[in-house]
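# please work out how this folds:
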Amino acid sequence: MSLVYNSQLNDITLEWDETGLLQVLDQSPFGGWRYAYQYGLYLEDKEVQAGVPFCSPTGIQYFYKLSLISPDRGPHPLHLKGEASDGQGFVHILRI
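The predicted model follows:
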């Protein structure tokens, strides 16, 4: 069994507040030392305000990104065939 290091210690997430869009630095779940023996799935979601960039009758839309986590703990985004992403790997899903 091997031990691997992933240097992705932080992630930048986008959040909305009354002043607009903010970039927030969060601790990454993938960084640090790990034993290299497991695969897994990691689902990320982000909430987008209505009208930015899409309009919906519900007022809130969601973007999802599913990644395969390899034994080196590196996330590898999975893509839906025929679906467009937002440039960061997130796919638009409308919940009604």
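
# so what strands line up beside the helix or strand where P77 lies?
Using DSSP states H and E, P77 sits within strand 75-78. Here strand 75-78 is paired, per DSSP bridges, with strand 60-69 (antiparallel).

# let me know the average pLDDT across the partner strand.
For strand 60-69, mean pLDDT is 80.

# which residues touch the strand holding P77?
Applying C-beta atoms under 8 Å, 6 or more residues apart in numbering, the external contacts of strand 75-78 come out as 30, 42, 65-70, 89. Any C-beta I mention is one placed from the backbone N, CA and C, and that applies to glycine too.

# filter these down to the buried ones.
30, 65-67, 69, 89 (16 or more other C-beta atoms under 10 Å).

# sketch out the low-pLDDT regions of this structure for me.
Residue ranges of the chain with pLDDT under 70: 47-62, 93-96.

# where do the strands sit along it?
3-6, 10-17, 20-27, 32-35, 40-49, 60-69, 75-78, 91-93 (DSSP state E).

# from the chain's centroid, how far away is the fifth one?
When you say that, I think you mean strand 40-49. Centroid separation for strand 40-49 versus its chain: 5 Å, with C-alpha atoms, centre = their mean, to the nearest Å.

# equivalent analysis for the fourth one, please.
Put simply, strand 32-35 sits 20 Å off its chain's centre (C-alpha atoms, centre = their mean).

# partners of that strand, with directions?
Short version: by DSSP bridges, strand 32-35 pairs with strand 3-6 (antiparallel).

# for the strand it pairs with, list every residue counted as buried.
Result for strand 3-6 [16+ other C-beta under 10 Å]: no buried residues.

# what of stretch 9-21?
By 16+ other C-beta under 10 Å, stretch 9-21 has no buried positions at all.

# do stretch 24-32 as well
28, 30.

# residues contacting G32?
5-6, 9.

# just checking, L3 touches D72?
No. Here L3 does not reach D72: they are 10.5 Å apart, not a contact under C-beta atoms under 8 Å.
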